[in-house]
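*Asks:* show me how the following folds:
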Amino acid sequence: MTENAAQTPSDMPIEVRLADERHACPSGKLGFGKVFTDHVFVAEYGGEGGPGWRDARVVPWRELHMSPAASVLHYAQSIFEGLKAFKGDDGALFTFRPEMHAARFVRSAERLCMPAVPEELFLRAVDKLVRVEEAWVPTAPGASMYIRPTMVATEGFLGVRPAQSYTFFVIVGPVDAYYAEGFAPVKIWVEREMCRVAVGGMGAAKTGGNYAASLYAAERAKKRGYAQVLWTDAKEHRFLEEVGTMNLFVRIGDEVVTPPLDGNILPGVTRDSVLTLLRERGVRVSERAITIDELRQAADAGTLREVFGTGTAAVVSPVGVLGFEDGDLTVADGKPGELSVALHDEVVAIQRGRVADTRGWVHAIP
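*Replies:* Numbering: from 1, shown residues only. From the prediction side, this is the model:
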């Protein structure tokens, strides 16, 4: 066992080995998730070193090398997170609620029988890599650095059981504003045939398998002319769950409804933030089940005021049209609702340090 394996997350050293040749952040269009920096954070668990995390380091970007029999390739033991780093007007670096991402990473690991990455190690890894790559944090309006912590099972073994060795790594890259052409509402197909998750499944874990399960329905929706799908429950296809890869919010009259965290729904960090902001505004908020029938009845009655999704990438994404087999349903006037616009702007202002952080959500990177 190496010396690092016996150390705690707070005193485990993170070695930094810089690349011989360092590049500048590209200028021009970055897209989303297409450009990556010169370095990666890596740590290992298990293997010949025995149980425990060890060899935490920031090293030049490299490909992952693993056995063709690695468990992740056969049994999908893989989890990840997604958060962003921002640069303030004074040059300070910070992330938004990283401790919630670290805690969710632990919960996802437990669901997939993977070892927990201690939250303190998760946070230190993110801080260290972002600080090394601070020149890549863009300052253009709406742009940010996207951070992808990931853990995969690396043991070469074809028996069906949890692996005994894992790699935890973090990669980062600059991204443009999610809305390339402005804060425009999207068209969403209401999926009533396929499902993403089912009761007792892994819906609350941020694992690659959930996203793989969503791809086919999403591609079918795009061929129909819709940007994404609105998922319904797997049993009856009556209850609304998530919109694409985002948490769902529906505003009916003076009430804002979001589906409850019943095990099918990913507990989103932006979801939690929006719920807090809504309640601080005095808006009546309900975390309860909502059906397609209730949605359509509200539209017929003229009380369906807004539908929007929340997530790290887009923050708040307004929905203008919902697609059904018997035709489209336009949400209110089809334009972004006043509440979704206000929430988007408020979260972004907090993330970028433009308003006082009175809730302890902004984490300054040392």
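
*Asks:* can you pull out the helices in the stretch 251-366 of the chain?
*Replies:* Along the stretch 251-366 of the chain, the stretches classed as helices by DSSP state H, counting those that start in this stretch are 269-280, 292-301, 338-351.

*Asks:* let's have these in TSV, adding mean pLDDT.
*Replies:* Converted to TSV, the helices of the stretch 251-366 of the chain look like this (pLDDT from 0 to 100):
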stretch	mean pLDDT
helix 269-280	98
helix 292-301	98
helix 338-351	95
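
*Asks:* now those helices as TSV including mean neighbour count?
*Replies:* Any C-beta I mention is one placed from the backbone N, CA and C, and that applies to glycine too. TSV is the format used below for the helices of the stretch 251-366 of the chain (neighbours: other C-beta atoms under 10 Å):
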stretch	mean neighbour count
helix 269-280	19
helix 292-301	15
helix 338-351	18
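
*Asks:* so, low pLDDT: which residues of this protein?
*Replies:* Counting by pLDDT under 70, the chain has low-confidence residues at 1-8, 179-182.

*Asks:* what is the burial count for V160?
*Replies:* The criterion is other C-beta atoms under 10 Å. On that basis, V160 has 8 neighbouring residues.

*Asks:* any idea what G46 is bridged to?
*Replies:* Each beta-bridge partner of G46 is listed here, defined by DSSP bridges: S165.

*Asks:* count the residues that sit near it.
*Replies:* So G46, with other C-beta under 10 Å, has 20 neighbours.

*Asks:* please enumerate the strands of the stretch 201-350 of the chain.
*Replies:* Shown for the stretch 201-350 of the chain, the strands assigned by DSSP state E, counting those that start in this stretch span residues 228-232, 240-243, 246-252, 255-258, 284-287, 304-311, 315-324, 327-330.

*Asks:* just to revisit the earlier point, so which of the helices of the stretch 251-366 of the chain is nearest G50?
*Replies:* Nearest to G50 among the helices of the stretch 251-366 of the chain is helix 269-280 (33.5 Å), distances taken as C-beta to C-beta.

*Asks:* and the spatially most central residue of the chain, how far from T95?
*Replies:* For the chain, G82 is the residue whose C-alpha lies nearest the centre (C-alpha atoms, centre = their mean; 4.2 Å). Summarising the geometry, the distance separating G82 from T95, computed by C-beta to C-beta, to the nearest Å, is 12 Å.

*Asks:* tell me which of the strands of the stretch 201-350 of the chain sits nearest to T139.
*Replies:* Distances from T139 to each of the strands of the stretch 201-350 of the chain were compared using C-beta to C-beta; the minimum, 17.8 Å, belongs to strand 315-324.

*Asks:* can you list the strands that that closest one pairs with?
*Replies:* Using DSSP bridges, the strands paired with strand 315-324 are strand 186-190 (parallel), strand 304-311 (antiparallel), strand 327-330 (antiparallel).

*Asks:* can you confirm F94 is in a strand?
*Replies:* Yes: when the secondary structure is assigned by DSSP: H, G, I helix; E, B strand; the rest coil, F94 falls within a strand.

*Asks:* isn't it up against G360?
*Replies:* No: because the distance of 12.0 Å does not satisfy C-beta atoms under 8 Å, F94 is recorded as not touching G360.

*Asks:* more neighbours, the two?
*Replies:* F94 (21 against 8).

*Asks:* ok, the more buried one - contacts?
*Replies:* By C-beta atoms under 8 Å, 6 or more residues apart in numbering, F94 lies in contact with A85, F86, G88, G353, V362, H363, A364, I365.

*Asks:* closest one of these to V274?
*Replies:* Taking C-beta to C-beta as the measure, V274 lies nearest V362 of those, at 16.2 Å.

*Asks:* leaving out sequence neighbours, find the closest residue to T291.
*Replies:* If the residues on either side of it in the chain are set aside, T291 comes closest to R238, at 5.0 Å by C-beta to C-beta, 6 or more residues apart in numbering.

*Asks:* that older thread, can you check which of the strands of the stretch 201-350 of the chain gets nearest to V152?
*Replies:* Ranking these by their distance to V152 (criterion: C-beta to C-beta) puts strand 304-311 first, at 22.6 Å.

*Asks:* got the contact list for the closest one?
*Replies:* Identification of contacts with strand 304-311 by C-beta under 8 Å, 6+ apart yields 188, 242-253, 268, 270-271, 273-274, 295, 298, 316-319, 322, 331-332, 337, 339-340, 343.
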